[in-house]
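Visitor: Compute the structure for the input listed below.
(2 chains)
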Amino acid sequence: MTSITPKRVAEIETIARDIRIDIIKMLANAGTGHTAGPLGMADVFATLYFHSMKHDASKPEWNERDMLVLSNGHIAPVLYATMAHAGYFDRSVLDTLREFGSPLQGHPHREYLPGIETSSGPLGSGLSQAVGMALANRIDNGKTSGKFFFCLMGDGETNEGQIWEAAMLAGKEKLGNLICIVDRNNIQIDGHTEDVMPLEPYKDKWEAFGFHVIDINGHDIEEIADAVDQGRAVFEKPTLILAHTISSKGVSEWERIPEWHGKPPTPEQAEKAIAGLMDK
Amino acid sequence: MLNSKLNLNEDLFDPECKKTATRDGFGAGLVAAADADESVVGLCCDLTESTRMHHFAEKYPERFVEIGVAEQNLASVGSGMAAMGKIPFIASYAMFNPGRNWEQIRTTVAYNNVPVKIVGGHAGISVAQDGGTHQAVEDIAITRVIPRMQVIYPCDTHQAKLATEAIAQTNAPTYIRLAKQKTPEVTTEKTPFEIGRAQVMWEPTTKSLSLGIITAGPVTHAVLQAVRHFDEKGIGMRVLNMHTIKPIDKQAISDMARDCGRILTVEEHQRAGGLGSAVAETLTDICPVPMRIHGIDDVFGESGTADELLHKHGLDTEGIISQIENILKLKVCKF
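Guide: Residues are numbered from 1 along each chain as shown, chains lettered A, B, ... in the order given. Take a look at the predicted model:
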């Protein structure tokens, strides 16, 4: 049974579209940054911040909040755009992405922006940090604490050995308060994941490490919300949501093309893409 | 003569002087720090007894995390726990922590600005028989170059205990360098310790002051023996124990340079990037007097006994005497 109403799903779909528009604007304005990942994860971020996560933009330090670690820090534009829409800061700040003195560092830095839980960017270390947070919370508040820890990772990122060191520990410690989401978009910088360094059988790997794994369509708001609900309900294992996404989702000419991983759109490309999104 | 204000070990020149490993002082210090502050947690990579974290793990099992042989994970799990208000001590051998997990320490600990305490055991060539693979002689260089990082290198077990308790009370990311082998107790339980405050352990008996020596770690004992040898011949020197390599005590270095006019640094670490480099960086800014850096000269370690290896690299009393004789030929520069 789903916890989200059709009306709310439609609202979040609109928010996700607006987040995509802001991502394209900020990247074109900055003239630098990553495009494919942020656009692909807009639905997941919109669902987390507008439905699934317990948080309060007016109180970023609220003790009861769920905490999110963005391990693949290069998709920061989607985090920033979502946080701005959620009210953490004014949307005009998005124009300063990657600029000198901006709170929106190229990769997130927790000391520059309230609401960022940890500084990230070098791939592979976020899951360890989320595991540490979950362990610390369990020491303080026990296994039944209602506080959850979210860790977002890219699929290419999981080439890193440290991910599997952390996965082993999460499985050993049966961290039921940990919900991971992998952006399974099948691309990384050098091409398709299965050509660069095959991940499959990917679900089996995570299960072997002790995770409860849920396959979802990462663009379906209801599936995202339901998977997080399931992750909260599974008590004896950490959860891993395998969010199958389309890179650069929302701009059909850029979708599934690895070259869009690490480059921003030109102003002309941005204008055309935004016009396309506005029609949706 | 030994600085009487520091309550140093009066038997330290006795061949039967009591020897204890700095890791033992850490083990006791961690329990004391944990007794005083319940936010102290311990994480270890399958070396719990060897790093002496087992005392803590036995007393506070609910605050101990066994990470397994995974040093990169060790650093970043520590970072996550620190972000939640814990004071994590993360322990392994120095070769792997901060050796293998340097980037995780740099980014998830220091850049993130969380108070993780990195415990590098079995540092230096004196880990001996295990051979060069396990002899971390670059660890001071790679930690002190990281912004915000404190670097502490205790000279004996008592200093290691006090240093451990002291670093638990600071919010700075910190590296503490420990040794495996038992080494002479230079200080006592009554010797004070303050992060960032170097200690003058020896002043000349005579009025002459020919050389200042700055050292850290267990080699301090050999330095004191060498200095006593010259003192008996009427050649006076001062010895400064720089237990905190970062933040370095600039005032103490400046005072020594002005008073002594020549400086020798001695460390069981590569000459490049260690204590000597830190002293040189300070001297060039404030008071550039002639100096020499004595340490391991751009080579790896090898198997042997600790005594054999320290002798080969001139880090025993005999070798340090020889270094002192060389630097005494340098012109004194007085400001």
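Visitor: tally of neighbours for residue 259?
Guide: Using chain A. 13 (other Cβ atoms under 10 Å in any protein chain shown). Placement of C-beta: from N, CA and C, glycine included.
Visitor: was after chain B, sorry
Guide: B:D259 has 12 nearby residues by other Cβ under 10 Å.
Visitor: Can you give me the distance of it to chain A?
Guide: Distance, B:D259 to chain A, by Cβ to the nearest Cβ, to the nearest Å: 41 Å.
Visitor: Is it correct that that residue is in contact with B:R238?
Guide: Yes. Here B:D259 lies in contact with B:R238, judged by Cβ atoms under 8 Å, at a distance of 7.0 Å.
Visitor: Would you mind listing what in the stretch 101-250 of chain A touches chain B?
Guide: A:109-111, A:117-119, A:121-122, A:124-126, A:128-137, A:139-140, A:161-162, A:165-166, A:168-169, A:172-173 (Cβ under 8 Å from any Cβ of the partner chain).
Visitor: Out of these, which end up buried?
Guide: Taking 16 or more other Cβ atoms under 10 Å in any protein chain shown as the criterion, what is buried in those is A:109-110, A:117-119, A:121-122, A:124-126, A:128-137, A:139, A:162, A:165-166, A:168-169, A:173.
Visitor: intersection of neighbour lists for B:D259 and B:R238?
Guide: Both B:D259 and B:R238 are contacted by B:209, B:212, under the criterion Cβ atoms under 8 Å, 6 or more residues apart in numbering or on different chains.
Visitor: which residues of chain B fall in helices?
Guide: Shown for chain B, the helices assigned by DSSP state H span residues B:22-36, B:54-59, B:71-83, B:102-104, B:139-144, B:157-167, B:220-231, B:250-260, B:275-286, B:306-312, B:317-327.
Visitor: among the ones you listed, which is the most enclosed?
Guide: Comparing these by mean neighbour count (mean count of other Cβ atoms under 10 Å in any protein chain shown), helix B:71-83 comes out on top with a mean of 31.
Visitor: What average pLDDT does that one get?
Guide: Computed over helix B:71-83, the mean pLDDT rounds to 98.
Visitor: which stretches of chain B have low pLDDT?
Guide: Applying pLDDT under 70 to chain B flags the ranges B:335.
Visitor: OK, now which residue of it is nearest to chain A?
Guide: Closest residue of chain B to chain A, Cβ to the nearest Cβ: B:G80 (2.3 Å).
Visitor: check contacts around the closest residue to that residue other than its chain neighbours.
Guide: In space, and not counting its chain neighbours, B:G80 is closest to A:G132: 2.3 Å by Cβ to Cβ, 6 or more residues apart in numbering or on different chains. Shown in contact with A:G132 (Cβ under 8 Å, 6+ apart): B:76-84, B:88.
Visitor: again, only using 6 Å
Guide: Taking Cβ atoms under 6 Å, 6 or more residues apart in numbering or on different chains, we find A:G132 in contact with B:77, B:80-81.
Visitor: Then B:K18?
Guide: Shown in contact with B:K18 (Cβ under 6 Å, 6+ apart): B:E185.
Visitor: Find the closest residue to chain B in the stretch 1-150 of chain A.
Guide: For the stretch 1-150 of chain A, the residue closest to chain B is A:G132, as judged by Cβ to the nearest Cβ, at 2.3 Å.
Visitor: Got the confidence number for that residue?
Guide: 98.
Visitor: Could you list the low-confidence segments of the stretch 1-150 of chain A?
Guide: For the stretch 1-150 of chain A, applying pLDDT under 70 flags the ranges A:1.
Visitor: how about the helices of it, start to end?
Guide: A:6-30, A:36-40, A:42-47, A:76-86, A:126-141 (DSSP state H, counting those that start in this stretch).
Visitor: Who are the packing partners of the fourth one?
Guide: In this structure, helix A:76-86 makes packing contacts with helix A:6-30, helix A:42-47, judged by 3 or more Cβ pairs under 6 Å, 6 or more residues apart in numbering or on different chains; DSSP states H and E.
Visitor: Now render those as JSON lines, adding mean neighbour count.
Guide: Below are the helices and strands packed on helix A:76-86 laid out as JSON lines (neighbours: other Cβ atoms under 10 Å in any protein chain shown):
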{"stretch": "helix A:6-30", "mean neighbour count": "20"}
{"stretch": "helix A:42-47", "mean neighbour count": "28"}
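Visitor: can you list these in CSV and add distance to A:K59?
Guide: Formatted as CSV, the helices and strands packed on helix A:76-86 follow (distance: least, Cβ to Cβ, whole Å):
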stretch, distance to A:K59
helix A:6-30, 21
helix A:42-47, 20
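Visitor: Quick check: closest non-adjacent residue to residue 176.
Guide: Defaulting to chain A. Distances taken as Cβ to Cβ, 6+ apart place A:F235 nearest to A:G176, at 4.5 Å, with adjacent residues excluded.
Visitor: please go with chain B instead
Guide: In space, B:I176 is closest to B:I152, 4.7 Å off (Cβ to Cβ, 6+ apart).
Visitor: tell me the contacts of that neighbour?
Guide: Contacts of B:I152 (Cβ under 6 Å, 6+ apart): B:163, B:176, B:244.
Visitor: Name whatever forms a beta bridge with the last one.
Guide: I take that to be B:T244. B:I152 (DSSP bridges).
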